[in-house]
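1. everything below, folded, please.
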Amino acid sequence: MKKLLIALFVIGFISSCKKEDDEINTTPVVINNGGFGNSTSDLTGTTFQLPNGVTFNGQIISSGFSPCNPSYFYDVNGGELVYLSVPLKNNTNDTIVLNFPAGLVCQSEDSSIQNGIILQACTIKLPPLFNSCVNFNMYCINKNRNAPNGFEIYKKPIISNNQKLSEIIQLLSTKKSTWYQDPNANIYSSYIQVAIWNVADYGSMYDSDRTVLSALPNK
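-> Model prediction:
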C-alpha cells in the first residue's frame with residue numbers, strides 16, 4: 001500500500017512539481033548543489049561531446065513542439081516529467097553509435113522551469129544521414145519548479161559533476177532502463193523520481209528508496 005501511495009504521489013506531478021513534500025521529507029533544505037533542488041545556480045560538469053560526424057541541428061526544446069520528423073524518433077530512458085526533443089544530425093553515410101552517459105543533465109534557460117537528468121546510460125545508433133530528434137525522457141531534479149510546457153528552451157547537455165548522484169547511479173546501473181511493455185512502468189519510474197528528489201533536495205536517498213530501487217527489474 002505504501003508503494004502505491006508513493007507512486008500516486010509522484011504521478012500527480014506530471015503537470016507541475018509545485019506540491020507539498022511527502023510525509024518523509026517535511027522541511028526542504030538548501031544544499032549547495034548547483035542547479036539541483038532549490039538551487040537556481042547553473043548546472044556544473046563536463047561538456048557532453050557528440051561523436052565525430054554528429055551535430056546538434058537546432059535548439060533543444062521541451063516536447064509539445066518539435067522541429068523534427070515526428071515519425072523518426074529515438075527514446076532515451078524512462079523519466080516522466082522532463083520531456084525534451086534533441087535535434088541531431090548524422091552528417092555521414094555511416095551508422096554512428098551514440099552513447100548517453102548516466103548523469104547527463106539539461107538545464108532550462110528559464111530558472112523557474114525544471115532541469116532534467118538521465119540516470120541510466122543509454123546507447124543508440126543513428127542511421128546514415130539521420131536528421132531528426134532524439135527524445136530525452138528525463139527525471140526532474142527541481143521538485144518545486146514548474147514543469148516544462150511546449151516551447152521551453154534548454155541548453156546543450158552536460159555530464160553532471162554532482163557527487164551526490166553516485167549512489168543512485170550505481171544502484172540503477174544493473175536495472176532495466178526501459179519498461180514500456182511492463183504494466184508497472186509508471187510505478188517504477190515514480191520510485192526513481194522520488195529517490196532523485198531526495199538526492200537533489202536532501203543530499204541522499206532514504207533507506208526506503210534503496211529498498212524499492214533494489215527491487216526493480218534487472219537487465
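2. just give the nearest non-adjacent residue to the residue nearest the centre of the chain, would you?
-> Most central residue of the chain, judged by C-alpha distance to the mean C-alpha position with Cα atoms, centre = their mean, is Met138 at 2.2 Å. Residue nearest to Met138 in three dimensions, not counting chain neighbours: Gly116, with 3.1 Å by Cβ to Cβ, 6 or more residues apart in numbering. To be clear about C-beta, it is placed using only N, CA and C from the backbone, and glycine gets the same treatment.
3. quick one: list the elements packing against the top helix by length along the chain.
-> Ranked by residue count under DSSP state H, the longest helix found in the chain is helix 185-202. Contacts defined by 3 or more Cβ pairs under 8 Å, 6 or more residues apart in numbering; DSSP states H and E place helix 185-202 against helix 2-11, strand 131-140, helix 166-172, helix 207-214.
4. just say which of those is most tucked in.
-> Each of those was given a mean neighbour count from mean count of other Cβ atoms under 10 Å, and the largest, a mean of 22, is that of strand 131-140.
5. so what strands line up beside that one?
-> The strands beside strand 131-140 in its sheet (DSSP bridges) come out as strand 73-76 (parallel), strand 82-90 (antiparallel), strand 116-118 (antiparallel).
6. strand 82-90 and the helix or strand following the last one, what's the angle between them?
-> Going back to what we said before, that points to strand 116-118. Scanning forward in sequence from strand 116-118, with DSSP states H and E defining helices and strands, the next element found is strand 122-126. Relative orientation of strand 122-126 with respect to strand 82-90: 40 degrees, computed using axes from the mean of the first three to the mean of the last three Cα atoms, to 10 degrees.
7. centre of the chain to strand 122-126, how far?
-> Here strand 122-126 shows a centroid-to-chain-centroid distance of 16 Å under the convention Cα atoms, centre = their mean, to the nearest Å.
8. what does stretch 46-62 give?
-> On the basis of Cα atoms, centre = their mean, stretch 46-62 sits 16 Å off its chain's mean C-alpha point.
9. now do stretch 95-108
-> In terms of Cα atoms, centre = their mean, the gap separating the centre of stretch 95-108 from the centre of its chain is 10 Å.
10. next one: stretch 194-208
-> Computed by Cα atoms, centre = their mean, the chain-centroid distance of stretch 194-208 equals 15 Å.
11. for it, the averaged confidence score.
-> Averaging pLDDT along stretch 194-208 yields 96.
12. so what's the residue sitting furthest away from the middle of the chain up against?
-> With distances taken from the mean C-alpha point of the chain and given as Cα atoms, centre = their mean, the most distant residue is Asn93, at 30.4 Å. Taking Cβ atoms under 8 Å, 6 or more residues apart in numbering as the definition of contact, the neighbours of Asn93 are 128-129.
13. just to revisit the earlier point, in the longest helix of the chain, what's buried?
-> Under the neighbour-count criterion of 16 or more other Cβ atoms under 10 Å, helix 185-202 has 186-202 buried.
14. likewise for stretch 45-53?
-> So, applying 16+ other Cβ under 10 Å, buried residues of stretch 45-53: 45, 50.
15. hmm, back to that, what would the strands paired with strand 131-140 look like in TSV with mean pLDDT, mean neighbour count and distance to Asn144?
-> Formatted as TSV, these follow (pLDDT from 0 to 100; neighbours: other Cβ atoms under 10 Å; distance: least, Cβ to Cβ, whole Å):
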stretch	mean pLDDT	mean neighbour count	distance to Asn144
strand 73-76	75	17	25
strand 82-90	92	22	14
strand 116-118	96	28	15
